[in-house]
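J.: Return atomic coordinates for the entry below.
(one chain, ligands or ions: 1)
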Amino acid sequence: MNSVWIRSALALAAVAVAGLITWALADPVWALAAVCFGLALLLARHVANLAALADWLRDPMAKPVPQGGGVWDAVLVGLYRFVRARIREKEQLGGDLQRFRNAGLALPDGVILLDAHDHIEWCNPIASQYLGLDEQRDLGRPLVNLVRHPDLAAYLEHGDYAEPLTLRLSRGEGRVLSLAIISYGEAQKLLLANDITLTEKVETMRRDFVANVSHELKSPLTVVAGFLETLTDGNIKLDEERRQGYLKMMREHTGRMQRLVEDLLTLSALEDSRGLSDETLVDVAALLAGVRDEALALSGGRHRVELSVEDPLSLLANAQELRSAFNNLVSNAVRYTPAGGNIGLLWGRRGAEAVFSVSDTGTGIEPRHIPRLTERFYRVDHSRSRETGGTGLGLAIVKHVLTRHQATLEIESETGVGSRFSAVFPARRVKSAVDTGPARRPVPAGRNPG
Ligand code: ADP
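T.: Numbers count the residues shown, from 1 in each chain. Sure thing, here's the model as predicted:
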C-alpha cells in the first residue's frame, strides 16, 4: 500500500488510541475532547504544510522545496527529487546552448537563425558585422526590414534555397556576400553568410587579364596574318622594296608579341615562386653600369643618361630580378622622354634605407593615373606605349620584384616637367662596403630575365 495511506492511518490510529486511553482514565467527554484535539493538531499540520507548499509554488526555482513531517515527507521528498532532476536538466540544456553559442561565435562565417516569419532569433557577431545588424536590438525584427535589398527579399520570398544568393552590398566597401539558407524545424531557417569579396575580385581580375592578353595579342597577330597572306598570294605582285617593308613590319609585330609573352612569363615566374630564391649580396653599382649601357643603347643617342653612385652600397637581393626591375624603370624613362631630354640614375642612402631613383625630363604623368600605374596593362597613353614597344606590364613587374624584396616604389611626377621613380629598400637588405669586407665580396649582377 502507498506510504501516504499507511502514515495517515497510523496518525489517525494514534489519535484513536489517545481517545481510548483518556476514556479508560477519565470519562467519555474527555476522550471525545482528546480525539478532537488530536484531529485538530493533524489538520493544523496539514494546513501549515499546504501553506508552505503554496508559498513555494509561487516561485519554485528561487527557493528550496519546504520541509514537512509525517505524511508530507513522502510528498515533499518526491517533489524535491523532481525539482533536482529539472534543475540538472536545465543546467545541461544551458551548457548545450552555451556550447552552441560559442560554436556560432567561433564560426568564420555569419550565422543567423530566422523564425517562420523570417524574424531574427539569433545572429553571431560576424553576421551582424557583414549585414550591419545589432545582435541584441535587432532580435525579433524582420531581416528584410534591416537589410533592405530587393534580391534578399525576393530570395526569402521565393523559398527555393538550392542555390546560394550572391548579395552585393552598396554600403561600406561594397562587400559581396554569398548567402545560403538551410531550412530546419518548423519553417525555421539557418542563414549562412560568407564574404566572397576577395574571390569575386580575383575572378574579375582573372577575366580582365585573359581579355587584356587576348586583346594585346590580337592586333599584332592580325597584322602579321594579313602580311603573310599578301606575301604568299601568288596573284599579288610585290616589288622588293614593298616586300622588305612588309617583312620589317612583321618583324616589329612579332617582336611585340615576343616581348609580351616574355613579360607574361616573367610575371608568372614571380608569382609562382613564393619566397625570394638565389639571394646574394649584389654589387648594385656594377649592376647599374650595365643598366645605364642598355639605356644608352635604347636611347640611341637621343638622351643624356647619367649614373651617380652616392654610396657603393650592396643589396641582399636576387640579382636577376633586381636587374629586370631597374631595366624596366630606366627603359620607361627613355621611352617617355622626348629626344634631347635628361635621364638620371641615382643610387644611394636615405637614412638606413637604400634608394635607387630614375629621374627624367619626360612627358610626366597626371596625379590621377599614379595610383594605378602598377596595374597590369594600365597605360596613360596607349598609342605612345605601343609605339615605343611597351607591353603595359613593366611597372607591374617592378612592383612585384620590389614587394618580394620588401621594398617600395615611390612615384613623383609633374606633367610636362618629368617624373621620378624611386625603389626604396629596407635597411636589413643594405650592406655598406665596410660591412661586406673581403670575405663577402658582392657577386656580379646576372642577366635580365624580363
Ligand atoms: P608600358 O609598357 O606601357 O610602358 P609600364 O607598366 O612600364 O607599361 O608603365 C605603365 C604606364 O605608366 C605607361 O604606359 C606610361 O603611360 C606610364 N609611365 C611609366 N613610366 C613613365 C615615365 N617615366 N614617364 C611618363 N609615363 C610613364
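
J.: What distance do you get for the residue nearest the centre of the chain to residue 175?
T.: Central residue of the chain (Cα atoms, centre = their mean): residue 198, 6.6 Å from the mean position. Remark: distance between residue 198 and residue 175 (Cβ to Cβ, to the nearest Å) = 10 Å. C-beta here means a position set from N, CA and C on the backbone, and glycine is covered the same way.

J.: Tell me the residues on this structure that lie near the ligand, please.
T.: 328, 332-333, 336, 360, 362-363, 365, 373, 378-381, 385, 390-396, 419 (Cβ under 6 Å from any ligand atom).

J.: in the stretch 201-350 of the chain, which spans are strands?
T.: Using DSSP state E, counting those that start in this stretch, the strands found in the stretch 201-350 of the chain span residues 280-283, 304-309, 314-317, 342-350.

J.: Now tabulate the ones you listed in JSON lines and tack on mean pLDDT and mean neighbour count.
T.: Rendered in JSON lines, the data for the strands of the stretch 201-350 of the chain read as follows (pLDDT from 0 to 100; neighbours: other Cβ atoms under 10 Å):
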{"stretch": "strand 280-283", "mean pLDDT": "95", "mean neighbour count": "20"}
{"stretch": "strand 304-309", "mean pLDDT": "96", "mean neighbour count": "16"}
{"stretch": "strand 314-317", "mean pLDDT": "95", "mean neighbour count": "23"}
{"stretch": "strand 342-350", "mean pLDDT": "96", "mean neighbour count": "17"}
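
J.: who wins for proximity to residue 413 among those strands?
T.: strand 342-350 (14.2 Å; Cβ to Cβ).

J.: what lines up beside the helix or strand just after the closest one in the sheet?
T.: For strand 342-350, the following helix or strand on the C-terminal side (DSSP states H and E) is strand 353-360. With DSSP bridges as the test, strand 353-360 is paired with strand 342-350 (antiparallel), strand 418-425 (antiparallel).

J.: got the contact list for residue 356?
T.: 284, 288, 326, 329, 345-347, 422-423, 425 (Cβ atoms under 8 Å, 6 or more residues apart in numbering).

J.: Please identify which of these is nearest to residue 25.
T.: residue 425 (118.1 Å).

J.: Isn't the closest one up against residue 351?
T.: No: assessed by Cβ atoms under 8 Å, residue 425 is found out of contact with residue 351, at 11.6 Å.

J.: between these two, which one's more packed in?
T.: residue 425 (23 against 7; other Cβ atoms under 10 Å).

J.: Break the chain into its domains for me.
T.: Following the assignment in automatic domain parsing, the chain carries domains at 3-89, 108-195, 200-272, 279-444.

J.: Skipping adjacent residues, who's closest to residue 395 in space?
T.: residue 374 (4.6 Å; Cβ to Cβ, 6 or more residues apart in numbering).

J.: can you check residue 401 too?
T.: residue 325 (4.0 Å).

J.: dump the residue contacts of the one you found.
T.: 397-398, 401-402, 423.

J.: sorry, back to before: any idea which of the domains of the chain is most buried?
T.: Ranked by mean neighbour count under mean count of other Cβ atoms under 10 Å, the domains of the chain are led by domain 279-444, which reaches a mean of 18.

J.: The domains of the chain into TSV, with extra columns for distance to residue 95?
T.: As requested, those are exported to TSV (distance: least, Cβ to Cβ, whole Å):
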stretch	distance to residue 95
domain 3-89	11
domain 108-195	17
domain 200-272	40
domain 279-444	49
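
J.: With respect to residue 98, which of those domains lies nearest?
T.: Using Cβ to Cβ, the nearest of the domains of the chain to residue 98 is domain 108-195, at 12.8 Å.

J.: Give the rounded mean pLDDT of the closest one.
T.: Averaging pLDDT along domain 108-195 yields 91.

J.: can you check stretch 80-97 too?
T.: Mean predicted confidence for stretch 80-97 is 92.

J.: Now do the strands in the stretch 51-200 of the chain.
T.: Using DSSP E, counting those that start in this stretch, strands in the stretch 51-200 of the chain cover 110-114, 120-123, 165-168, 176-184, 188-195.

J.: For the fourth one, name the packing helices and strands.
T.: Meaning strand 176-184. Counting contacts by 3 or more Cβ pairs under 8 Å, 6 or more residues apart in numbering; DSSP states H and E, strand 176-184 packs against helix 150-158, strand 165-168, strand 188-195.

J.: Give me the residues contacting the first one.
T.: For helix 150-158, contacts defined as Cβ under 8 Å, 6+ apart pick out 118, 143-144, 161, 165, 167, 179, 181.

J.: Give me the distance between stretch 64-83 and the centre of its chain.
T.: 59 Å (Cα atoms, centre = their mean, to the nearest Å).

J.: same check, this time on stretch 359-372
T.: The answer for stretch 359-372 is 32 Å, by Cα atoms, centre = their mean.

J.: now swap in stretch 88-97 and tell me
T.: For stretch 88-97, the distance to the chain centre is 36 Å (Cα atoms, centre = their mean).

J.: Next: stretch 14-32.
T.: 92 Å.

J.: what is the rounded mean pLDDT of it?
T.: According to the model, stretch 14-32 has a mean pLDDT of 92.

J.: Dump it to PDB, keeping only the CA atoms.
T.: Extracted C-alpha coordinates of stretch 14-32, given in PDB (Å, rounded to 0.1, in the frame of the first residue of the first chain):
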ATOM      1  CA  ALA A  14      -2.700   7.300  17.300                       C
ATOM      2  CA  VAL A  15      -5.500   9.800  17.800                       C
ATOM      3  CA  ALA A  16      -8.000   6.900  18.400                       C
ATOM      4  CA  VAL A  17      -5.600   5.200  20.900                       C
ATOM      5  CA  ALA A  18      -5.200   8.600  22.800                       C
ATOM      6  CA  GLY A  19      -9.000   8.800  22.900                       C
ATOM      7  CA  LEU A  20      -9.400   5.300  24.200                       C
ATOM      8  CA  ILE A  21      -6.700   5.800  26.900                       C
ATOM      9  CA  THR A  22      -8.400   9.000  28.000                       C
ATOM     10  CA  TRP A  23     -11.800   7.200  28.100                       C
ATOM     11  CA  ALA A  24     -10.200   4.500  30.300                       C
ATOM     12  CA  LEU A  25      -8.600   7.000  32.700                       C
ATOM     13  CA  ALA A  26     -11.400   9.700  32.700                       C
ATOM     14  CA  ASP A  27     -14.900   9.900  31.200                       C
ATOM     15  CA  PRO A  28     -16.100   9.800  27.500                       C
ATOM     16  CA  VAL A  29     -16.400  13.600  27.300                       C
ATOM     17  CA  TRP A  30     -12.600  14.000  27.900                       C
ATOM     18  CA  ALA A  31     -12.000  11.100  25.500                       C
ATOM     19  CA  LEU A  32     -14.000  13.000  22.800                       C
END
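
J.: All set, thanks.
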